[in-house]
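Chemist: Sequence first, then the predicted structure, then my questions.
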Number of protein chains: 2
Amino acid sequence: MEGILAGLRLVELSAFVAAPLGGATLAALGADVIRLDPLGGGIDIGRWPLHNGRSLYWEGLNRGKRSVTLDLRSERGAGIAARIAGDAGTVLTNLPQRGPLAYERLRERRPDLVMLSIGGRADGAAAVDYTVNAGLGFPWITGPEGYDRPVNHVLPAWDVATGFLSVAGILAADRHRLLTGEGRLVRLSLAEVAVVVAGHLGLLAEAELVQQPRGRFGNHVYGTFGRDFETADRRFLMVLALTPRQWRSLAEATELPFEQILADLSDEGDRWRHRREICDLLAPWVAERSLAGVAAAFERHQVLWGPYRTFKEVLAEKPQAGRGPASALDFGEAGRALAEPAPGLGADTEAVLAGLGEDVEELRAAGIIG
Amino acid sequence: MEGILAGLRLVELSAFVAAPLGGATLAALGADVIRLDPLGGGIDIGRWPLHNGRSLYWEGLNRGKRSVTLDLRSERGAGIAARIAGDAGTVLTNLPQRGPLAYERLRERRPDLVMLSIGGRADGAAAVDYTVNAGLGFPWITGPEGYDRPVNHVLPAWDVATGFLSVAGILAADRHRLLTGEGRLVRLSLAEVAVVVAGHLGLLAEAELVQQPRGRFGNHVYGTFGRDFETADRRFLMVLALTPRQWRSLAEATELPFEQILADLSDEGDRWRHRREICDLLAPWVAERSLAGVAAAFERHQVLWGPYRTFKEVLAEKPQAGRGPASALDFGEAGRALAEPAPGLGADTEAVLAGLGEDVEELRAAGIIG
């Protein structure tokens, strides 16, 4: 069955997370994504986590793509790569591209080319998720209250955001191309993604306008009610009341005497100001019940909550968790496409080159392909 | 100047982060985004952070949109909302839609409607960023080594990822509509976004295949070399060596005797295994220098590094940080669009309704608009 992006073909020249995630997302929606790598693979070919020498990271980020390997350092190999890219018409990269793979050169070959280029910083300086995150305030407001050092995300959140935004960028430029026939070079940087998101969340305006710096509040959800609690059987769960209805649900489910707290707790500002008193009542209530007991009471009253799980617990509960739909986007097709495996490195080299009329045997003899 | 998405018009029925971020991203690219809210605003109208009673959160997430308010609970108000939505042709929502705003009803009005609906879980159950994150393992691998409780992200990373992916989903469905004339209902859930991303990063395969659970490694970057260090002037910085070249840069910049470590540190697996020995050499080197001193040495040798900053420090260094480009996507227009302010709540109600030929005075008298 064809995906929603059937007919879109692109070449990916990439490493690490952002561009590979963008390419994998496009592939999951039915685009034909050809990842081009140097012979032997790029710098992320052996990235951890590993299992029996296989990079589970590389396999996860390259699902559903085709793989072509070429001697990209040779002029001839780079020229063939440019031919593949020009034929596809769309390029996604997070590596610097020179020579025949530079945008200006590719555009000579394919005037309506769409190329999206991801960098660390908009000025071309090197940056990765971890330096971008360090530079933008989040590590000082993440982590336990009272802790006095920065706390990094382990989730590479800016890579993920940038990867998904790169898909939007390619589709926006492709829409413009469909309507006007014109291609585009689109630039995107991790650092600008992070700044724009911090702006949308009000954090930069707050830093500018509010005298008091944003504090570090542990697992409290800022400005409303939400925190983690521990059960009698040593499980942890997240409980929230973001709306007046959710607050009523929590009060009804627990029958705790929240009315002792002299505040209008239907107001989220008051829930925030009185969060410690709320927690002082709720923590013992959770602590004397099992996770199952809390779950039963919370589900009956539609409390907004959820248990914490380790990755092992996720797999124990849902052994198929890693083999679900290829994309979180469900376009209502009769059957959603399931996640496909990654290609073997270079598995599609011959087929792609033969499709372009290249002499595969001669290229192999010349060392351009493996 | 027109944005790349000029001509795309959509209605947003939303609250909190994911759908508003998606709408703001589309608006930043030139789409005409009309946010429809109930009279007085939706449940996120007063969300913290606040300044002088204004929600900096709401203002950040609604930049560049138009705002229409209607009595959406009345049949007549909902009918007018459906008229606006049908006229626009595209709808983005993260709230349940019933009655005239349900997809099936809207499609009667506008057969090629594209509607993207964001939910918590794919089965329709309630979930928010904080419960989704709790349920998926990240809080157990985030935070200081040795800490024994879960650590939440403060950045609502799943909301952000879902918001950007919703833009991709709308543009993918719009592409299909441009090519075939057919509309679509597109569904997207925070929980599936998180599971798909954890799958792409290899974390689910690791939990399935590798016996040892992923540990909590503080600010160490798993599987390679990267960590935070503290300078003599009490600043923190992130230092990484993800590639052999970056490792050489670090060794050259510091002139530390890393060769004492009996391992091939050009291999990232060995850098990971010997991370403590590397840090034991590097930490004192950083600790006896100022941030400026470290920066000079690192920049000279192109080390991959970056300073930690609080949000206040970001603003102190770049007072205009919050007033940069509207989108991180740069389509190469002569001048990039700058971030526009959010509309006043309901500021565009009259203009939008008058444009549809509605009798604004009569609607006001009937209490349908404010």
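Modeler: Alright, I've got the coordinates. Numbers count the residues shown, from 1 in each chain, chains lettered A, B, ... in the order given.

Chemist: quick one: A:G143 and A:H153, what's the gap?
Modeler: Distance of A:G143 to A:H153, computed by Cβ to Cβ, to the nearest Å: 10 Å. C-beta coordinates here come from the backbone N, C-alpha and C atoms, glycine included.

Chemist: and the two? which has more neighbours close in?
Modeler: A:G143 (25 against 22; other Cβ atoms under 10 Å in any protein chain shown).

Chemist: unless I'm mixing things up, that one is touching A:V154, no?
Modeler: No. A:G143 lies out of contact with A:V154 (Cβ atoms under 8 Å); the separation is 11.7 Å.

Chemist: Can you tell me the closest non-neighbouring residue to the residue nearest to the spatial centre of chain A?
Modeler: Centroid check for chain A by Cα atoms, centre = their mean gives A:V160 as the closest residue, at 2.3 Å. Of all residues not flanking A:V160 in the chain, B:A161 sits nearest, at 5.1 Å (Cβ to Cβ, 6 or more residues apart in numbering or on different chains).

Chemist: cool, and A:R73?
Modeler: A:P38 (7.0 Å).

Chemist: Beta-bridge partners for that neighbour, please?
Modeler: Using DSSP bridges, the bridge partners assigned to A:P38 are A:L70.

Chemist: Count the residues that sit near it.
Modeler: Neighbours around A:P38, by other Cβ under 10 Å: 16.

Chemist: Model confidence score at it, please.
Modeler: In this model, A:P38 is scored at 98, pLDDT.

Chemist: Any figure for the gap between A:G40 and chain B?
Modeler: Look at A:G40 and chain B: by Cβ to the nearest Cβ, to the nearest Å, they are 14 Å apart.

Chemist: follow-up on the earlier one: what sits against the residue nearest to A:V160?
Modeler: If a contact means Cβ atoms under 8 Å, 6 or more residues apart in numbering or on different chains, then B:A161 has A:A157, A:V160, A:A161, A:F164, B:V193, B:A194, B:V197 as its contacts.

Chemist: Need the residues you listed in JSON lines (columns: pLDDT, secondary structure and distance to B:L70).
Modeler: JSON lines is the format used below for those (pLDDT from 0 to 100; DSSP: H, G, I helix; E, B strand; the rest coil; distance: Cβ to Cβ, whole Å):
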{"residue": "A:A157", "pLDDT": "98", "secondary structure": "helix", "distance to B:L70": "36"}
{"residue": "A:V160", "pLDDT": "98", "secondary structure": "helix", "distance to B:L70": "36"}
{"residue": "A:A161", "pLDDT": "98", "secondary structure": "helix", "distance to B:L70": "32"}
{"residue": "A:F164", "pLDDT": "98", "secondary structure": "helix", "distance to B:L70": "32"}
{"residue": "B:V193", "pLDDT": "98", "secondary structure": "helix", "distance to B:L70": "30"}
{"residue": "B:A194", "pLDDT": "98", "secondary structure": "helix", "distance to B:L70": "34"}
{"residue": "B:V197", "pLDDT": "98", "secondary structure": "helix", "distance to B:L70": "36"}
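
Chemist: Any quick PyMOL command for the buried ones out of those?
Modeler: A single PyMOL command suffices to select whichever of those are buried according to 16 or more other Cβ atoms under 10 Å in any protein chain shown:
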select buried, (chain A and resi 157+160+161+164) or (chain B and resi 193+194+197)
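
Chemist: Tell me the one of the contacts of B:A161 nearest A:K312?
Modeler: For those, the minimum distance to A:K312 (Cβ to Cβ) is 16.3 Å, reached by B:A194.

Chemist: A:G269: neighbour count?
Modeler: Around A:G269 there are 15 residues (other Cβ under 10 Å).

Chemist: Which element, helix or strand, includes it?
Modeler: helix A:268-273 (DSSP states H and E).

Chemist: and that helix, how far from the chain's centre?
Modeler: When C-alpha coordinates are averaged (Cα atoms, centre = their mean, to the nearest Å), helix A:268-273 and its chain have centres 32 Å apart.

Chemist: And the contacts of it?
Modeler: Against helix A:268-273 from outside (Cβ under 8 Å, 6+ apart): A:222-225, A:241-243, A:247, A:263-265, A:278, B:46-48, B:50.
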